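Chemist: Here's my sequence, what's the structure:
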Amino acid sequence: MQSVRKAVFPVGGMGTRFLPATKASPKEMMPVVDKPLIQYAVEEAIAAGCDQIIFITGRSKSAITDHFDVSYELERELQERGKKALLEVVRSIMPAHVSAVFVRQPRPRGLGDAIRYARSIVGDEPFAVLVASNLMLSRQPVLAQMMERFERYNTPILGVQEISPAVTTQYGVVEGRLCDENLYQLSGIVEKPTAGAAPSNLAVMGRYILTPEIFKHLEELPRGVEGEIQLTDAIARLLQEQQVLAYRFEGKRFDCDYKLGYLRATVEFAMRHQDMGAGFNAYLRQLCAEGRLPRQMDRVAHFPADEEEGED
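Modeler: Down below sits the predicted model:
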């Protein structure tokens, strides 16, 4: 059985929900405390054992390339100033044992279309797909949780969590039966169904482990609205040929495609930050004491996954 070593990051979208902040800077480079969104996702992939990172980029995405490239001038400056800790931080962004590949997607035409551009690099290996705007907070990295199940079952796995009926039109929703702890054997998957048509309350949350058979279906799919190719539709076709599983992962997910989800993530990660967490929590307690925040701190710290903004 092949292990999953390659991780694909579709980062070619325009990020229109965050305009004007994303007019000249990629949405994936927006910081949560002191790291950009894309770095959290790359660190998750590396922690799960991936050593080849494949970015599917687009126009105005050069900042992502620069972020993961070596900055000789910055490193020399930090070295000369004796800032060894910061130098290590900069060098650790892309560890020496990990390679990065950048592929240009001419136009953002759906998640499935972006993944098609990784075919020649992925080859005949299983691979992971991580959507960086889905930021995860968990004891064990979410992709690592999924890797453990993939090694056991050797079949495609989708990371899912429960959602409320009010937001089914924002997600791919799965149908299946429980076959192991938090693991479901799928019988169907629907892209953005209405609440009444949703087959379950389990939605895909931007984490996938796929096998190379998916590329055939991505190539054969007809283009939909605005020329898009949806990964969900290709997975639905794959289901007719082989088993696909859904894993309800442990952890909290923040939808940073939306401003409210991004702000929630910023607060949660700031509360847990190694250097500034204590100070930030003290500030929140001060706001509570002044009556500017609810006194029940768990109301500040707990953000259900189903309280998202509407679509733009």
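Chemist: Looks to me like Ile38 is in a strand.
Modeler: No. The assignment for Ile38, made by DSSP: H, G, I helix; E, B strand; the rest coil, is helix rather than a strand.
Chemist: mind exporting whichever helix or strand Phe269 is part of as CSV, just the C-alpha atoms?
Modeler: Here Phe269 sits within helix 259-271, counting by DSSP states H and E. Extracted as CSV, the C-alpha positions of helix 259-271 are listed here (Å, rounded to 0.1, in the frame of the first residue of the first chain):
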residue,chain,number,x,y,z
LYS,A,259,-15.4,37.4,7.6
LEU,A,260,-17.1,36.1,10.7
GLY,A,261,-15.4,32.7,10.6
TYR,A,262,-12.1,34.5,10.1
LEU,A,263,-12.6,36.7,13.1
ARG,A,264,-13.7,33.7,15.2
ALA,A,265,-10.5,31.9,14.2
THR,A,266,-8.4,34.9,15.1
VAL,A,267,-9.8,35.1,18.6
GLU,A,268,-9.5,31.3,19.3
PHE,A,269,-5.9,31.1,18.0
ALA,A,270,-4.9,34.3,19.9
MET,A,271,-6.3,32.8,23.1
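Chemist: So for it, what gets flagged as buried?
Modeler: 261-262, 264-271 (16 or more other Cβ atoms under 10 Å). From N, CA and C alone the C-beta is placed, and that goes for glycine too.
Chemist: which among the residues you listed gets closest to Pro106?
Modeler: Nearest to Pro106, judged by Cβ to Cβ, of the buried residues of helix 259-271 is Tyr262 at 27.5 Å.
Chemist: The helix or strand hosting Gln79: how far from the chain's middle?
Modeler: If you go by DSSP H and E, Gln79 is part of helix 72-80. Averaging C-alpha positions (Cα atoms, centre = their mean, to the nearest Å) puts helix 72-80 31 Å from its chain's average.
Chemist: How much space separates the closest residue in space to Val103 that isn't next to it in sequence from Phe55?
Modeler: Leaving aside its chain neighbours, Val103 sits nearest to Tyr117 (4.8 Å; criterion: Cβ to Cβ, 6 or more residues apart in numbering). Tyr117 sits 10 Å away from Phe55, going by Cβ to Cβ, to the nearest Å.
Chemist: Look at those two and report which has more neighbours.
Modeler: Looking at Tyr117 and Phe55 with other Cβ atoms under 10 Å, you find the greater number of neighbours at Phe55, namely 25 against 18.
Chemist: If that one is in a bridge, with which residues?
Modeler: Phe9, Phe102 (DSSP bridges).
Chemist: re earlier: what is in contact with Tyr117 and Phe55 at once?
Modeler: Jointly contacting Tyr117 and Phe55 under the rule Cβ atoms under 8 Å, 6 or more residues apart in numbering are Val103.
Chemist: The closest residue in space to Gly110 that isn't next to it in sequence: what's it in contact with?
Modeler: With sequence-adjacent residues excluded and distances taken as Cβ to Cβ, 6+ apart, Gly110 is closest to Glu228, at 3.3 Å. The contact partners of Glu228, by Cβ under 8 Å, 6+ apart, come to 109-110, 112-113.
Chemist: about what we covered before: and the helix holding Phe269, what does it pack onto?
Modeler: If you count contacts as 3 or more Cβ pairs under 8 Å, 6 or more residues apart in numbering; DSSP states H and E, helix 259-271 packs onto strand 31-32, strand 134-137, strand 252-255, helix 277-289, helix 297-301.
Chemist: who's in contact with the third one?
Modeler: Translated: strand 252-255. Strand 252-255 is contacted from outside by 133-138, 142, 161, 205-206, 261-262, 264-265, 268, 303, 305, 308, using Cβ under 8 Å, 6+ apart.
Chemist: Any quick PyMOL command for the buried ones out of the residues you listed?
Modeler: Applying 16+ other Cβ under 10 Å to the contacts of strand 252-255, the buried members can be selected in PyMOL as follows:
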select buried, resi 133+134+135+136+142+161+205+206+261+262+264+265+268+303+305+308
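Chemist: Return the distance of the helix or strand encompassing Arg152 from the chain's centre.
Modeler: Arg152 belongs to helix 142-153 when assigned by DSSP H and E. Relative to the centre of its chain, helix 142-153 is centred 16 Å away, using Cα atoms, centre = their mean.
Chemist: State the mean pLDDT of the following helix or strand past that helix.
Modeler: Of the helices and strands lying after helix 142-153 in sequence (DSSP H and E), the nearest is strand 157-162. When pLDDT is averaged along strand 157-162, the result is 96.
Chemist: returning to what we had before: state the distance from the residue nearest to Val103 to Pro193.
Modeler: Look at Tyr117 and Pro193: by Cβ to Cβ, they are 28 Å apart.
Chemist: Same question for Tyr208.
Modeler: Tyr208 sits 19 Å away from Pro193, going by Cβ to Cβ.
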